[in-house]
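K.L.:
pasting the sequence and the predicted coordinates here, then a few questions.
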Amino acid sequence: MPLILAKCPRFKPTWEKYQKLWQGEEAGIYNDLGEFATLIVDSYAKQDIDPTFAAFALLEEVLVGFRPIPTAIPEDECVFNIPF
């Protein structure tokens, strides 16, 4: 999540509230990304596309730059588990 927080600082308050909800426990990558997706969808509905641009810029950086996702994600949970 550090990379997402760096690219989309507006997500930080949502992320902090979400972490308090989980009381320090790991929620899992799908739940974590679901929280970010909710921010994107809610913002888009308000015609605020900045988080959407941030999400796609992040995705482009990860895929085009071949940078590893900076978290330990089990292979079977990897969002980018796309065979080439």
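P.N.:
All right, it came through fine.
K.L.:
what helix or strand is Phe56 on?
P.N.:
Element membership for Phe56 (DSSP states H and E) is helix 50-64.
K.L.:
mind listing what's buried in that helix?
P.N.:
Neighbour counts using 16 or more other CB atoms under 10 Å place Pro51, Ala54, Ala55, Leu58, Val62 of helix 50-64 among the buried residues. The way it works is simple: take the backbone N, C-alpha and C, and place the C-beta from them, glycine included.
K.L.:
so which of these comes closest to Leu33?
P.N.:
Distance to Leu33 across these (CB to CB) is lowest for Ala55, with 10.0 Å.
K.L.:
contact partners for the residue lying closest to Ile49 once chain neighbours are set aside?
P.N.:
On the basis of CB to CB, 6 or more residues apart in numbering, the spatially nearest residue to Ile49 that is not a chain neighbour turns out to be Ser43, at 7.2 Å. For Ser43, the set of contacting residues under the criterion of CB atoms under 8 Å, 6 or more residues apart in numbering consists of Arg10, Ile49, Asp50, Pro51, Thr52.
K.L.:
of those, closest to Glu25?
P.N.:
Proximity of the contacts of Ser43 to Glu25 was ranked by CB to CB; the top entry is Arg10 with 24.6 Å.
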